[in-house]
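>>> Okay, predicted coordinates and the sequence, questions at the end:
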Amino acid sequence: MLPSPLLCESGPSKLAFFNSAFSGRSSIGPSSSLEMGLKFSRRALVNCRERLSSKIRGRVRHRITNVYDNRERVLEEELPQMAEAVPSFKTFPGQASPLGVSEVDNGINFAIFSQHATAVTLCLQLPQRGELDGLDGEMVELSLDPHVNKTGDVWHIYIEDLPRSNVLYGYRMDGPNNWVQGHRFDNSVVLIDPHAKLVEGRRYFGDKKHKLSKFLGTYDFDRLPFDWGDDYKFPNIPEKDLVIYEMNVRAFTADESSGLDPEICGTYLGVIEKIPHLLELGINAVELLPVFEFDEFEFQRRPNPRDHMINTWGYSTINFFAPMSRYASAGGGPVNASWEFKEMVKALHGAGIEVILDVVYNHTNEADDKHPYTTSFRGIDNKVYYMVDNRGQLLNFSGCGNTLNCNHPVVMAYILDSLRHWVVEYHVDGFRFDLASVLCRGTDGSPISAPPIIRAIAKDTILSRCKIISEPWDCGGLYLVGSFPNWDRWAEWNGKYRDDIRRFIKGDPGMKGTFATRVAGSADLYKVNKRKPYHSINFVIAHDGFTLYDLVSYNFKHNDANGEGGNDGSNDNLSWNCGFEGETDDANIKALRSRQMKNFHLALMISQGTPMMLMGDEYGHTRYGNNNSYGHDTAINNFQWTQLDARRGGHFRFFSEVIKFRQTHKVCRHENFLNKSDVTWHEDNWDNFDSRFLAFTLHDSTGGDVYLAFNAHDYIVKAQIPSPPPNRHWFRVVDTNLASPDDFVPGGVPGISNTYNIAPFSSILLEAK
């Protein structure tokens, strides 16, 4: 297994927060003392700038010093006449670790893994920054000698006096030209270093002038370490107390209705400006859609039905270490993106909000063999990084053309290094793993019961403080809800919770018992070994699928704008339009939809487990029935702040108050699964298939019981209200049938008798006081 670059390069100040985690850290030994043979490719003969360039003719002399015994030798090469000459580099063999770029003494070390490459060339573009669309003629290329610049399967070189910042770099790789064996080498492509900590590309999101911009790694050893502050603390919120808000960094503030300076709209700094909204809503964790570097124009690189779309969700990773550079303010580039990401995390932590990243270790942007988009892994070592069958063809369990080979030892080490980097460097609090069942497949694609990568993440000391959440399915049919390998650490997106809550609230028959099981914490799925209710991530709505408003407004998806003839997106949405498809002026239908949205939200927030809601549902955001809106950089996805303002006193107020009720009432967030003393089910007819009504009381040890009733019938149910605890009275806090502000009264409304008429498709909450 490859050594961890993170452990090698993290200094004492960076590890101040992680002393215990790094207690077993080992040092890295010296590199090989072999001399290096250096050749410049003919492509390197133009436009080298500043102090690294000089005008010469005839021979180029390179004096090479052995770093260990001070021997020198002069390499001479015949070069054609030229106006701009190759810079003179003092180079050494370098060292195999850490992978990526590291600063060593007065120079820069480059190291990259490739087991099957036969030739590796380091490509450098030196200051000033040029246009990335014209790499040929802009780069210095250094060919690495496999007898000198290779240790095991790692290629490396050390260059003395190379600038400490503003250098762009990549690699050309060559190797076996045998697709049947799984190889995809192409030395015409300059590849991104998988371990690049920063990636440079176009500077502005959606900048069509640079639509075909290339991407290269870069580094910055000049900037001082980020100051997290003397009083900085991690929120360290217990999992049972989390309320997760799934959001997209760009879409949160990209719309002009955000009222922000255009230079920070859709950026990390934009998120900071809107922290007051998150606090008012009451959530305490954000789950950010992918923030690793991705190419938003990937659909527009060739003519195809989706070539009008811009990838705004980001589930198409180019590099797993670099923050999305176009989320920097004012087109600031990757260095500023890294800095501003830290500013965002620091500000969120200061507000008591944790940061969970949605990570995509199941596939990359490089697509399939029919239409490959080679930027890195495919050209570096396709056979190692991706799953291939016995004919060398890419396996596709991600639905995106390729599948990362997660349980290969090299890829496993790479994933762990990436996760540690985000924890140590950026202080994130956890990860949600997209299509995590892919990580439960062996190198041949077959499911395995104890996946090494899943265990390693669960047991890793640096990741020990992190929340780790799986999306326990993939596009190959490996559905693991309730059975995801977990080592009592992994939580899961509970897809069965989503489906069953939707069915009951919209009035499907036969769902009462299942609804009770779900709101009680899904013990049928998670009461195993030492698992807890909070290992169930409860959600009704997520980024893919309908928004909450659309769930109650559409029976069918409306995805024509996606360009795939309506063939994309799920057909099984378990939605109900309440009597009319789409927008309507019918007051009764609009009132019913409002009740249903409140019913869903109340059920979610009183359920045992960890609730997650989607950005925009707090004001009723619509995508007009599009349930797969990944490619729209428009109001379809963007948070509409004007609509929030218009609904702040009604819809938003209810959502915020219900969240805060959960946060202040322990009966909604038990550490352990409920027992008979924790809940009373007011039900003696569980087997009634046609019953769509459920009532129960959550008991509080101090007498502050909470009574809940959900009526999914289309008629009024006259409910018998149980007696309150001794010396207490029932107060009505919630009735979703009532208009704001009566739908939620924080102090409660007294005078509740022993019966209550619960309106059709509505719910109530009573509190004993």
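Sure, I can see it. Everything quoted here is computed from the prediction, not taken from an experiment. Numbering: from 1, shown residues only.

>>> Only C-alpha atoms from now on, for both contacts and neighbour counts.
Will do.

>>> quick one: contacts for the nearest residue to I505 once chain neighbours are set aside?
Closest residue to I505 apart from its sequence neighbours, by C-alpha to C-alpha, 6 or more residues apart in numbering: A712 at 5.6 Å. Residues near A712 by C-alpha atoms under 8 Å, 6 or more residues apart in numbering: F504, I505, K506, G507, R692, F693, P760, F761, S762.

>>> Low-confidence ranges, the chain, go.
1-87, 128-137 (pLDDT under 70).

>>> Pick out the residue nearest the middle of it.
D358 (1.7 Å; C-alpha atoms, centre = their mean).

>>> What residues of stretch 668-679 count as buried?
C668, R669, H670, E671, N672, F673, L674, V679 (16 or more other C-alpha atoms under 10 Å).

>>> follow-up on the earlier one: can you lay out the contacts of A712 as TSV showing distance to T267, secondary structure and neighbour count?
Formatted as TSV, the contacts of A712 follow (distance: C-alpha to C-alpha, whole Å; DSSP: H, G, I helix; E, B strand; the rest coil; neighbours: other C-alpha atoms under 10 Å):
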residue	distance to T267	secondary structure	neighbour count
F504	39	helix	26
I505	37	helix	27
K506	37	coil	23
G507	41	coil	20
R692	45	coil	23
F693	45	strand	21
P760	43	coil	17
F761	40	coil	25
S762	39	strand	27
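
>>> can you list the residues you listed in JSON lines and add distance to G100?
Compiled in JSON lines, those are given as follows (distance: C-alpha to C-alpha, whole Å):
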{"residue": "F504", "distance to G100": "52"}
{"residue": "I505", "distance to G100": "52"}
{"residue": "K506", "distance to G100": "53"}
{"residue": "G507", "distance to G100": "56"}
{"residue": "R692", "distance to G100": "59"}
{"residue": "F693", "distance to G100": "59"}
{"residue": "P760", "distance to G100": "61"}
{"residue": "F761", "distance to G100": "58"}
{"residue": "S762", "distance to G100": "57"}
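
>>> out of those, what pair is the most spread apart?
F504 and P760 (13.2 Å; C-alpha to C-alpha).

>>> thinking again about what came up before, V345: which of the buried residues of stretch 668-679 is nearest?
R669 (25.9 Å).

>>> Quick one: distance of the helix or strand where I468 lies to the chain centre.
For I468, the host element (DSSP states H and E) is strand 467-470. On the basis of C-alpha atoms, centre = their mean, to the nearest Å, strand 467-470 sits 11 Å off its chain's mean C-alpha point.

>>> Stretch 113-128 now?
29 Å.

>>> Identify the residues contacting that stretch?
48-50, 99, 138-146, 153-155, 166-176, 185, 190, 380-381, 384.

>>> That stretch: which residues count as buried?
For stretch 113-128, the neighbour count (16+ other C-alpha under 10 Å) marks 113-117, 119-127 as buried.

>>> rewinding a little: determine which two of the buried residues of stretch 668-679 are furthest apart.
E671 and V679 (14.2 Å).

>>> okay, how far is it across stretch 231-246, tip to tip?
For stretch 231-246, the first and last residues are 28 Å from each other (C-alpha to C-alpha, to the nearest Å).

>>> Hmm, the residue nearest to the centre of the chain is touching P290, no?
Yes - using C-alpha atoms under 8 Å, D358 is in contact with P290, at 5.2 Å.

>>> Which of the buried residues of stretch 668-679 sits closest to C475?
F673 (31.5 Å).

>>> Please compute how far the longest strand along the chain lies from its chain's middle.
For the chain, the strand with the greatest residue count under DSSP state E is strand 165-174. Between the centre of strand 165-174 and the centre of its chain there are 26 Å (C-alpha atoms, centre = their mean).

>>> which strands and helices sit next to it?
Packed against strand 165-174 by the contact rule (3 or more C-alpha pairs under 8 Å, 6 or more residues apart in numbering; DSSP states H and E) you find strand 119-125, strand 216-220.

>>> and for it, what are the contacting residues?
117-129, 185-193, 200, 216-222, 379-380.

>>> measure S325 to S316 for me?
14 Å.

>>> Neighbour count for the two, which is higher?
S325 (29 against 24; other C-alpha atoms under 10 Å).

>>> follow-up on the earlier one: and the helices and strands packed on strand 165-174: which comes nearest W576?
That would be, of the helices and strands packed on strand 165-174 and by C-alpha to C-alpha, strand 216-220, which comes in at 47.4 Å.

>>> Identify the residues contacting that closest one?
Under C-alpha under 8 Å, 6+ apart, the answer for strand 216-220 is 101, 164-170, 191-193, 196-201, 335.

>>> That strand pairs with which strands?
strand 165-174 (antiparallel), strand 198-200 (antiparallel) (DSSP bridges).

>>> Fine by me, we can end here.
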